[in-house]
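> Show me the folded form of this:
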Amino acid sequence: MLNPEQDAFGQMMWVYYKGREVCEIIERDDGYFCAHRGPEMYFSEYKNWAPIERKAMKLVKGRVLDIGCGAGRHSLYLQEKGFDVLGIDSSPLAIKICKLRGLKKARVMSLEAAEFGANSFDTILTMGGNFGPLGTLTKARNSLNRFRQMTSKKGLIIGETLDPYKTDNPAHLKYHESNRKRGRMSGQVRIRARFEKAVTEWFDWLMVSEEEM
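This next block holds a predicted model:
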């Protein structure tokens with residue numbers, strides 16, 4: 001569980017939830033900074049989602065685990081449709097927001113701590129780029145195997161990622177090359193997030209192509 005000084009993502013969402021326009025700063029370990037758009041997408045309604053997200057929701061079945069649920073948009077949508085949904089996030093403020101918005105089952109829990117018994121879920125969601133927290137090739141394989149053990153026989157893992165190769169940004173291409181020289185995947189980035197005085201610890205975020213996934 002993140003403490004308030006580390007919970008940059010949660011702090012940003014909380015301030016936005018309270019009505020202020022904000023943005024999130026992402027810092028990469030090579031010194032590259034970028035300002036992401038505000039968190040309005042985390043609060044958006046189904047009609048405003050990207051077509052791929054709406055398509056993904058049609059695949060969901062049974063009991064659902066939403067990993068990295070953020071402000072709860074996917075969980076709340078599925079709950080409204082009658083699904084039994086548990087949303088988890090390492091951010092206490094994110095979970096507080098989910099509960100305030102009406103999510104019945106929400107728990108402060110990191111990806112690493114997500115240990116459930118066999119046949120606990122029929123669908124596991126890692127939407128909104130949340131394939132990223134799988135972090136590294138080894139961690140991704142271990143986590144996906146753990147998810148397989150937690151799901152029913154015909155369970156689904158529905159994940160969303162960004163293809164790191166679809167860029168012509170010289171800074172990103174140079175970082176990909178540096179990764180490969182170090183034996184890392186091209187889209188494996190070491191980053192931390194900032195919002196006002198809150199700063200996360202450094203962590204690995206994994207972006208993969210369709211073939212790599």
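
> For the residue sitting furthest away from the middle of the chain, give me the pLDDT.
Within the chain, the residue lying farthest from the chain centre (C-alpha atoms, centre = their mean) is Lys181, at 27.1 Å. At Lys181 the predicted local confidence, pLDDT, stands at 96.

> Ala56 versus that one, what's the distance?
Relative to Ala56, Lys181 is positioned 35 Å away (C-beta to C-beta, to the nearest Å). To be clear about C-beta, it is placed using only N, CA and C from the backbone, and glycine gets the same treatment.

> quick one: contacts for Ser90?
1-2, 68, 108-111 (C-beta atoms under 8 Å, 6 or more residues apart in numbering).

> And the buried ones among those residues, selectable in ChimeraX?
Restricted to buried positions by 16 or more other C-beta atoms under 10 Å, the ChimeraX selection for those reads:
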select :2,68,108,109,111
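
> Among the contacts of Ser90, which one sits closest to Ala198?
Set against Ala198, the nearest of the contacts of Ser90 by C-beta to C-beta is Leu2 (9.0 Å).

> mind checking how far the closest one is from Ile67?
15 Å.

> Going by residue numbers, what spans are helices in this protein?
Secondary structure of the chain, counting by DSSP state H: helices at 8-17, 51-57, 73-80, 92-100, 137-150, 170-181.

> Distance from the chain centre to the fifth one, please.
What that stands for is helix 137-150. Chain-centre distance of helix 137-150: 15 Å, with C-alpha atoms, centre = their mean, to the nearest Å.

> The shortest one now?
The chain centroid and the centroid of helix 51-57 are separated by 16 Å under C-alpha atoms, centre = their mean.

> list the buried ones in it?
Within helix 51-57, judged by 16+ other C-beta under 10 Å, the buried ones are 53, 56-57.

> The third one too?
Neighbour counts over helix 73-80 (16+ other C-beta under 10 Å) mark 73-79 as buried.

> next one: the longest one
Taking 16+ other C-beta under 10 Å as the basis for neighbour counts, the residues of helix 137-150 that come out buried are 140, 143-144, 146-147, 150.

> if we can go back for a sec, can you tell me which of the buried residues of helix 73-80 lies closest to Ala193?
Closest to Ala193, out of all of the buried residues of helix 73-80 and judged by C-beta to C-beta, is Arg73, at 19.1 Å.

> just to revisit the earlier point, could I get the buried residues of helix 73-80 in JSON lines, plus columns for distance to Tyr165?
Output for the buried residues of helix 73-80, formatted as JSON lines (distance: C-beta to C-beta, whole Å):
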{"residue": "Arg73", "distance to Tyr165": "28"}
{"residue": "His74", "distance to Tyr165": "26"}
{"residue": "Ser75", "distance to Tyr165": "31"}
{"residue": "Leu76", "distance to Tyr165": "33"}
{"residue": "Tyr77", "distance to Tyr165": "31"}
{"residue": "Leu78", "distance to Tyr165": "31"}
{"residue": "Gln79", "distance to Tyr165": "36"}
